[in-house]
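# coords please:
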Amino acid sequence: MNCLIIADSLAAERPDNINNDKRWPILLLNNSKSKVRLINLAKGFSTSKRLKKVSTQNLNDSDVAIIQLGIVDCTPRIFHKIETQLIARIPKVIRNKIIKIAKKYRKRSKTRSYVSLLDFEKNFTFFIKKFKKKIIIIKILDASTKSNEMNPMAGESIEDYNRVLDSLNNIYDNIYFVEIPVDKIDEYTLNDGYHLNEIGHNYISNKLISLIND
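Predicted coordinates for the structure are as follows:
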């Protein structure tokens, strides 16, 4: 079975204390009863816009698609995306001063989220219509205690975007969800409040294996 993974840093190798073989894609590869081949397109800082850029070849070669996107889309931010891109080109000393001033005078806003609710829905709808086989969506993790401290608006925004996914589930019958229970978010995430720890990766992989083997 060929599993297409379209995800952000939650499914990608990244600089933390977790070995790559403890992340859910490799756990899925190693522990599934079915013989699994991964087409892993996970990439840090990805938004749902990537759903419109998957090659026809990868779509045709895949039996199931696993999507873990959304947090980069929905997070309320201090800067618009274009502002972030421009600031990134400025020398670090000046850049840090700009960010410090902005944090003092600007509040995070959902209007500066990188992908609007409407575009988020359009991106997922585009992919669902194009990929007629089984689609497993790992819903956006609810805000943890830590992420709420850092960004008090995060929880409300996550709920809004997850409701879009729920609405699509009512329309299309090839969608399946995996989600971590709200009361387990703190237990299953790293100190940054969102990326999964080993327990979280193991939980996700078990849920995926159950759906794939079904």
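
# Can you give me the pLDDT of residue 139?
The confidence metric pLDDT takes the value 97 at residue 139.

# Number of residues surrounding the nearest residue to residue 108 once chain neighbours are set aside?
Of all residues not flanking residue 108 in the chain, residue 76 sits nearest, at 4.2 Å (CB to CB, 6 or more residues apart in numbering). C-beta here means a position set from N, CA and C on the backbone, and glycine is covered the same way. Residue 76 has 17 neighbours, counted by other CB atoms under 10 Å.

# Quick check, residue 151 in contact with residue 71.
No. Counting by CB atoms under 8 Å, residue 151 does not reach residue 71; the two are 10.7 Å apart.

# So the two - more neighbours on which side?
Set side by side, residue 151 and residue 71 show more neighbours around residue 71, with 22 against 17, by other CB under 10 Å.

# what about the closest residue to that one other than its chain neighbours, which SS state?
Spatial nearest neighbour of residue 71, chain neighbours left out: residue 140 (5.5 Å); criterion: CB to CB, 6+ apart. The assignment at residue 140 comes out as coil when based on DSSP: H, G, I helix; E, B strand; the rest coil.

# Next up, phi/psi of residue 140, please.
The phi/psi pair for residue 140 (degrees, to the nearest 10) reads phi -60, psi 130.

# any idea how far residue 199 is from residue 50?
27 Å (CB to CB, to the nearest Å).

# residue contacts, residue 130?
By CB atoms under 8 Å, 6 or more residues apart in numbering, the residues touching residue 130 are residue 59.

# for residue 131, same thing?
Residues counted as contacts of residue 131 (CB under 8 Å, 6+ apart) are 59, 62, 65.

# Mind pulling the model confidence for the residue nearest the centre of the chain?
Nearest to the mean C-alpha position of the chain, by CA atoms, centre = their mean, lies residue 69 at 2.7 Å. Looking at residue 69, its pLDDT is 98.

# Could you find the closest non-adjacent residue to it?
Nearest non-adjacent residue to residue 69, counting by CB to CB, 6+ apart: residue 48, 4.9 Å away.

# The one you found reaches residue 125, doesn't it?
No. In this structure residue 48 lies outside contact range of residue 125 using CB under 8 Å: 10.3 Å.

# Of those two, which one has the most company?
Comparing residue 48 with residue 125 by neighbour count (other CB under 10 Å), the higher total belongs to residue 48, at 26 against 15.

# roughly how far apart are the more buried one and residue 140?
Residue 48 is 10 Å from residue 140, by CB to CB.
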